[in-house]
Every structure is written in C-alpha cells, then in structure tokens.
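> This is the structure alone, sequence omitted:
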C-alpha cells in the first residue's frame, strides 16, 4: 500500500468522534479524495427511522448540491446506488454519460465537472448502512489497488460512523449522568453541612437516605455503562491475579472474537485463548503492568480461537485499575484480522509490482517534465551506471540521447501524440554514460493524459542487435538476388554445390577455385573457374568474385587424360606380355636343366 493511502487510513482512524456526524463524514471524504485524486465525493446513509437513503455529507461540491439533486423529483435510490443496496457490492461507473441510471442528473454532472463514479457499500454486521461515493474529473477505470483501498476505507468509515452514532446516543446519557453525579455531590455537601448542624437528631436518617441515593446512582451508572459495553463492537475485559490471571469480566464481543460464550471463556486461563507464539510476550506485559512498571499499553497479538487452530489478530489497549479491592488490568481488543490480511495483500501486490519492475529485461523509467525521476535496474544497466548512483535522476532526458537534434526529434514525436492519450513508440540513437552510442526503441505513455504534470512512463529496449540483423538481412537479400539470378544460369545438379560455395563466401572466408557449368546467353554451356576473396571497404566486408572461362583448357585436359589412359592401357598390355615372356623363359630354363639328366639315364638303361 502506498504511503499516501496508509496516511489516509491512519487519518480516518484518528477522527474525533465527539464532532457532529456531518463534520466527521466530510473529513472522511476529504481524506479519501486526497488519496485518490478525486474530483469530489458524497456519503449516503440509510435513515434509521424510515429506511430511506439520504445524502448526508459532500466534499468538493457546492452547498446547494443536495437540494439540487432532490429537486429533480427522482429518488436517489433509482441511481446506481440502488444496485449497491441490492447486491451489497461496489458499483463502478467509468463514464457517467454512458450510464442510463444517471440520466436524470446528467446536466448537473456536466455542470459540476465530473465524469466517473464509484459507489462503495458501507457495511456493519453484514448489512449495508450506506454508500461512499467518489467522483473523478475524467472517465476513469478504477484499478485493483484503488478498489482494495476503497474497500478498506469503506469498512473503516462504517465503523467510525457506527461509533459516532453510538457516541451521539450515549453523550446525552453521559451528560445526564454527570449532572446527576454533580447534583449528588452538591447534595452531599448540603447534607454534610446540614449534618454538622443537625448531627444529633438526623444522623441515622441522613446516612440511610444518602446511601440509598448513592446506591441508586451507582446502579443507574452501572446499567448505562453496561449497555454501552455490551453493544460496542470492541471486546472489553478485566483481568485479575498473578501468576495465573483470572478473567473477572468480559463483554460478549470479547468472547465471540475467539468463538466462546461469556460463561465458557470466564472459566479459562489466558493460555487457552492466547496463541502460544505470543503467550510469553502478553504474559510479560501483564506482569509488568501489575507491578506498576512502565510498559507498552497498546500492542497487537494473535488470539487462539476455540477450534485450536485459527489465529485472530487483535489490537489491544490496556490500563491498570483497582477492581473489587484488588489491582486489576482493564483493556479493550479490536479484531483487525481482515484489515491485516488486506494490508498484506496490498503490500504483497506492491512488492510483486516492484519485483517485476526491478527484474524486467526492459528498461523502465518515470519522466516528469522530460526529467528522469525513477528508473529500474535494467534501465541503469542499459545506460552503464551503478545501482547505487543516481547519475540520471533529476537530469534532463537530453543526456541519454546521442545528440541534441535527436533529443528534439524524438520529443516532437512523443509529446504531440501523448497529449491525445496515445501510447507512442519511436526508434532513437541513445548514448550511454561512457559515451558509446546504441540503437534504442522507446515506448511512452502519460500516467494521466488529463494531467500531463503527473509525468509519463517510458520503456527502453536495446535494439542494436535488431538493427544489425536488419542490415544483415538486407545484405543477405542482395546476395540471394544474385544467387537467384545466378541460379538461372546453372543446371539443377549444380545448385547444391553453388549454395555451399556461396555460404562459405558469406562467412568472409576465401573460397575456390571451383568449377561450375554455366549456360551462356546464346544457350551454349561453358565451364567457369570461380574464386572469391573477402574485401573490406569502409568498415564493410564485401566478397570479390573472379571467374574465367576454362572450357578449352578443360577440353585439352580431358584429351590429355584420355591419352594418358590409352598410354596406361598400352603399358599395361606390354607389362603383361613381358611378364608372360619372363614366365616362359623361367620354365624353359627349368626344362633345359632337367632334360640332360633324363637323356643320360636313358642311355645307361639301353646299354
């Protein structure tokens, strides 16, 4: 919950209930309007005598507003207020001029200058006792945070109204009682003086009469205060004894707060209706107050419900007194469980939003009068300054632009369109703290288009990569066009080879030589030898391509290859013949060596 809203709730809780009810309600309206920036407001209450809905207080509206509303002759219960009374839920009118139920009062609304409305029910004990109406100057969609805040305000305002009404009913009785006490004291003084004069004759009669009157006054006083205690919403109790305090008195509200009846809870010790985690602290405070030591008179603790599980968060105020002749502790407790839950939800919601903003990968900042008043972590990183320094905070937004001209150009784009309530986007050249330039994409919208002074929210993304990608895409498209043009000249089977070759060239590496078959304009196919080299020109890498016609050279090379193949085949044949001759010669030698021995043996046999 924002600080202003917390201050508003604190302000309502501190309103003086001794004031007139109309003054109290006007103070509530002033506080709520201030927290929400509302144009005006009103509070309607159901008349306790005739059950009619009546406008009882206004803020930010002329003195004759109530009279002018009733002068239309249309019951105010026929307005959107009837929906709130019927359902017990809030009713939002983002644009009054579009709401049929507001038709009888449209001209009055237009004259007074408000356009949106929310009616929040005021409830006590589950019943609607009235409405809190807040009017906004312009059509307005109420946020979840605003609705949660108004729900808490309505609950607190209803309690204040009830307490104020109760105080108004009790005040005359209190004055009457004070008068009776004063009269009794005056009579006591008179009787005392009379007693001094007529002590001898009237002592007995005077004692009886005075005691009777005192007893009657005390009984009446006790009855009045008991009625008050039994009807207030807060719990009231009296504790006595140590170290085991006994509950000497409590009202029904105190017992019901933790699920018991008065008879049941009076039989228990505080250990049975104070949560274990807070028992030691509560017991210490009780002991110190019993001993008359200065201690904390107001604090919060968790009470333990009868079911043994549920914790009821209460706010307790205590004091030291004498009761039935012994030192006792008297106190009141208020159930603040729902308020705590609502505050926790709002705090967690705010922490979640803060964490989302802090963890966002996009730079987010708030700009007021073209000066940066807040920035998230990513914004600070984007512009190169530390998390703990506030280099840009409070400075003109010009410091983040690459030049004064760029600052003026972007400003003209934004502020001409933002006045119309648009969300505006633009690319810009931006500058980091170290002076380096980068491309950024800015999106900006006013927090409140009707009031530009409140500032605008801006998000900034580093799109240098996108710009580089766009440039590469242009170059790629150019290369693709060349490739597609070149593809026309190539046979289908050559395309994969050409694609791989161009991919290597696109990476800035020398490629080739590679041979490709190319179709000439006259339809004749020729063989081209292609080489590529990366060349830098003005910080840009280009590809230099060199191609030459090698058709004739390839033909000669093929002819030479064919001739070489023929020669290789001839050599192979000759080598085969030589091998055959060598084999024949070896066999002839073996036969020649073997024959003489055979011939000589034959001669011996014949002889």
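Right, received. Where do you want to start? What you see is a predicted model, and the numbers here were worked out from it, not measured in a lab.

> Skip the chain neighbours and tell me the closest residue to residue 554.
Computed as Cβ to Cβ, 6 or more residues apart in numbering, the closest residue to residue 554 that is not its neighbour in sequence is residue 527, at 4.9 Å. In this view, the C-beta of every residue, glycine as well, is placed from N, C-alpha and C.

> show me what contacts that neighbour?
Contacts for residue 527 (Cβ atoms under 8 Å, 6 or more residues apart in numbering) come out as 515-518, 549-551, 554.

> same deal with residue 113?
Going by Cβ under 8 Å, 6+ apart, residue 113 touches 39, 137.

> For residue 376, see how far away the nearest residue to residue 447 once chain neighbours are set aside is.
Nearest residue to residue 447, sequence neighbours excluded (Cβ to Cβ, 6+ apart): residue 454, at 4.6 Å. Distance from residue 454 to residue 376, counting by Cβ to Cβ, to the nearest Å: 19 Å.

> between those two, which one's more packed in?
Shown here are residue 454 and residue 376; by other Cβ atoms under 10 Å, residue 376 has more neighbours (20 against 13).

> does the more buried one really touch residue 360, like I thought?
Yes - Residue 376 lies in contact with residue 360 (Cβ atoms under 8 Å); the separation is 6.0 Å.

> Packing partners of the helix or strand where residue 330 lies?
Element membership for residue 330, per DSSP states H and E: strand 326-335. Packed against strand 326-335 by the contact rule (3 or more Cβ pairs under 8 Å, 6 or more residues apart in numbering; DSSP states H and E) you find strand 235-240, helix 252-257, helix 276-290, strand 311-323.

> Model confidence for residue 3, exactly?
At residue 3, the pLDDT value in this model is 66.

> swap that for residue 215, please
Among the per-residue scores, residue 215 shows a pLDDT of 64.

> in a helix, that's where residue 587 is, yeah?
Yes - if the criterion is DSSP: H, G, I helix; E, B strand; the rest coil, then residue 587 is within a helix.

> Which of the helices and strands in this structure ranks last by mean pLDDT?
Ranking every helix and strand in the chain by mean pLDDT, DSSP states H and E puts helix 464-487 at the bottom, with a mean of 65.

> Now stretch 76-94: average pLDDT?
Stretch 76-94 shows a mean pLDDT of 84.

> Tell me which residues are up against it.
44, 52-55, 69-70, 99, 101-102, 104-105, 116-121, 123, 128, 131, 133, 139-142, 147, 150-151.

> In ChimeraX, how would I select just the buried ones from those residues?
Buried residues among the contacts of stretch 76-94 (16 or more other Cβ atoms under 10 Å), as a ChimeraX selection:
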select :44,53,55,69,99,102,105,116,117,118,119,120,121,123,128,131,133,140,142,150,151
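
> Just the contacts of stretch 76-94: which are in strands?
Counted as lying in strands by DSSP state E, out of the contacts of stretch 76-94, are 44, 53-55, 116-121, 123, 128, 131, 133.

> Format the helices and strands packed on strand 326-335 as TSV; extra columns: mean pLDDT.
What follows is those, written out as TSV (pLDDT from 0 to 100):
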stretch	mean pLDDT
strand 235-240	88
helix 252-257	88
helix 276-290	88
strand 311-323	89
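
> Find the nearest non-adjacent residue to residue 274, please.
The shortest distance from residue 274 to any residue other than its chain neighbours is 5.2 Å, reached at residue 282 (Cβ to Cβ, 6+ apart).

> Could you check how far the one you found is from residue 254?
Distance, residue 282 to residue 254, using Cβ to Cβ: 14 Å.

> got it, and residue 182?
Using Cβ to Cβ, residue 182 is found at 32 Å from residue 254.

> With mean neighbour count as extra columns, can I get the helices and strands packed on strand 326-335 in a markdown table?
Formatted as a markdown table, those follow (neighbours: other Cβ atoms under 10 Å):
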| stretch | mean neighbour count |
| --- | --- |
| strand 235-240 | 20 |
| helix 252-257 | 19 |
| helix 276-290 | 15 |
| strand 311-323 | 16 |
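
> will you turn those into TSV that also has distance to residue 263?
As requested, the helices and strands packed on strand 326-335 are exported to TSV (distance: least, Cβ to Cβ, whole Å):
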stretch	distance to residue 263
strand 235-240	14
helix 252-257	8
helix 276-290	23
strand 311-323	20
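
> Would you agree residue 42 is in contact with residue 53?
No - assessed by Cβ under 8 Å, residue 42 is found out of contact with residue 53, at 11.4 Å.

> Do a quick rundown of the strands in the stretch 351-500 of the chain.
With strands called from DSSP state E, counting those that start in this stretch, the stretch 351-500 of the chain shows them at 363-368, 371-375, 424-431, 437-446, 456-462.

> how about TSV for those, with mean pLDDT added?
What follows is the strands of the stretch 351-500 of the chain, written out as TSV (pLDDT from 0 to 100):
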stretch	mean pLDDT
strand 363-368	82
strand 371-375	80
strand 424-431	88
strand 437-446	87
strand 456-462	86
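
> Which of those strands sits closest to residue 245?
Proximity to residue 245, assessed across those by Cβ to Cβ, is greatest for strand 371-375 (51.8 Å).

> which helices and strands does that closest one pack with?
In terms of contacts (3+ Cβ pairs under 8 Å, 6+ apart), strand 371-375 is packed against strand 363-368.

> hmm, who's touching the strand it packs on?
Applying Cβ under 8 Å, 6+ apart, the contact partners of strand 363-368 are 357, 372-376, 378-379, 381-383, 397, 444, 447, 453-461.

> and if you look at stretch 257-272?
235, 239, 244-247, 250-252, 254-255, 273, 279, 282-283, 286, 303-307, 310, 312, 314, 333, 335.

> and residue 347, backbone torsions?
Torsion angles at residue 347 (phi, psi; degrees, to the nearest 10) stand at phi -60, psi -40.

> pLDDT score for it?
We note a pLDDT of 82 for residue 347 in this prediction.

> any idea how far it is from residue 149?
Relative to residue 149, and taking Cβ to Cβ, residue 347 is found at 12 Å.

> okay, the two: which has more neighbours?
Remark: of residue 347 and residue 149, residue 149 carries more neighbours, 25 against 12, as counted by other Cβ under 10 Å.

> In this model residue 343 seems to touch the more buried one, though I could be wrong.
No - with contacts counted by Cβ under 8 Å, residue 149 stays clear of residue 343, the gap being 10.5 Å.

> contacting residues around residue 163?
For residue 163, the contacting residues are 17, 232-233, by Cβ under 8 Å, 6+ apart.

> Would you mind giving the strands of the stretch 351-500 of the chain as JSON lines with distance to residue 531 and mean neighbour count added?
Output for those, formatted as JSON lines (distance: least, Cβ to Cβ, whole Å; neighbours: other Cβ atoms under 10 Å):
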{"stretch": "strand 363-368", "distance to residue 531": "48", "mean neighbour count": "20"}
{"stretch": "strand 371-375", "distance to residue 531": "54", "mean neighbour count": "18"}
{"stretch": "strand 424-431", "distance to residue 531": "40", "mean neighbour count": "18"}
{"stretch": "strand 437-446", "distance to residue 531": "36", "mean neighbour count": "19"}
{"stretch": "strand 456-462", "distance to residue 531": "39", "mean neighbour count": "19"}
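
> Which of those strands sits closest to residue 545?
That would be strand 437-446 among these, by Cβ to Cβ, at 31.6 Å.
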